[in-house]
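> Would you be able to build a 3D model of this:
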Amino acid sequence: MKYRYYYNEVPGVGLCRNNLVYTSLISEDQKTFVKWYYNDKEYHKDQNQVVDKNKMEEKWQREIKYLTLMSRHYSDLIPSILDIDEENKKIYLAVDGTDLWNRSQCNTDFYRNVIPSWKDQILEILTAHHKLGLYKFSLHPSSYWPVNGQLKSINYFFTYHASEGPISIAEHSSHIYSQRQSIMKTIVESMGLSWDEPEELKDLQNLCLESFRSNYTDDFVDKAKEIYDIK
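I've put the predicted structure just below:
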């Protein structure tokens, strides 16, 4: 099977990498998505951010740990895992075309054209995370893939269990997009949080959800916060 780089086609911008950590590949028939934990310079266009090998290894281990945890408990909420190639650090997932962000032309208003019940479906995924004690900070719309009318969640490299933490934002800034960081910094101040000092996971989940208001809708974010009992 042949694979090619997978990008998001952003209107007015062009082809953009859909992830800052790993290298994204997709099969020619768009039935298999590959998360390759390799910092490919061509794919990242020499804008590589996670360049520390230890950090990349940590992200890989978190991905495997929490993606497989979801597979054991909520297999219907993630793409089917076709293979995990630990030697080459590749995870093969069954998909059906491109992700939600790409299919909606990177426009929040068009999510409903792709998946009419997108809000309820993502809230179901977040509820599953909460029941498992997970705090997942990679919430970009490109982390959700429509498969047979059901959104499937990926990108567990930025996930922590409730037994972990607190953690600081600063130590994770290498895999937070610069534009996202700018949004977060204004919210951090208003929440009375620190960028450099460790903060509780629940507070960081709140910060994360608030920073994604521009990618979702206010009512969705408010309901998502209720799942984590965030006021």
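> So which residues of the chain form helices?
With DSSP state H, the ranges of helices along the chain come out as 53-73, 100-103, 111-114, 118-131, 178-191, 201-211, 218-227.
> helices or strands next to the second one in the packing?
Helix 100-103 makes packing contacts with strand 7-10, helix 111-114, strand 144-147 when contacts are defined by 3 or more C-beta pairs under 8 Å, 6 or more residues apart in numbering; DSSP states H and E. Bear in mind the C-beta positions are built from the backbone N, C-alpha and C, glycine included.
> same check, this time on the last one
Applying 3+ C-beta pairs under 8 Å, 6+ apart, we find helix 218-227 packed against helix 118-131, helix 201-211.
> Can you point out the buried residues in the lowest-mean-pLDDT helix or strand in the chain?
The weakest-scoring helix or strand in the chain, judged by mean pLDDT, DSSP states H and E, is helix 178-191 (a mean of 84). The neighbour-count check on helix 178-191 (16 or more other C-beta atoms under 10 Å) flags 180, 183-184, 187-188 as buried.
> And for stretch 85-92?
Counting neighbours by 16+ other C-beta under 10 Å, one finds that the buried residues in stretch 85-92 are 89-92.
> May I see those residues arranged in a markdown table, with pLDDT as well?
Below are those laid out as a markdown table (pLDDT from 0 to 100):
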| residue | pLDDT |
| --- | --- |
| Lys89 | 96 |
| Lys90 | 98 |
| Ile91 | 98 |
| Tyr92 | 98 |
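> For Glu226, state which of those residues is nearest.
Ile91 (31.4 Å; C-beta to C-beta).
> quick one, what contacts that closest one?
Shown in contact with Ile91 (C-beta atoms under 8 Å, 6 or more residues apart in numbering): 34-35, 63-64, 67, 81, 83-85.
> So how do I select the buried members of the residues you listed in ChimeraX?
One line in ChimeraX is enough to select the buried ones among the contacts of Ile91; burial here means 16+ other C-beta under 10 Å:
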select :34,35,63,64,67,81
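> Nearest to Phe220 among the contacts of Ile91?
Leu67 (23.5 Å).
> Please tell me how far the residue nearest the centre of the chain sits from Lys2.
Centroid-nearest residue in the chain, with C-alpha atoms, centre = their mean: Ser138, separated by 3.3 Å. To Lys2, Ser138 is 28 Å away according to C-beta to C-beta, to the nearest Å.
> Could you count how many residues lie near the residue nearest to Val188 when sequence neighbours are not counted?
With C-beta to C-beta, 6 or more residues apart in numbering as the criterion, Val188 has its nearest non-adjacent residue at 5.7 Å, and that residue is Trp195. A count of nearby residues for Trp195, using other C-beta atoms under 10 Å, gives 14.
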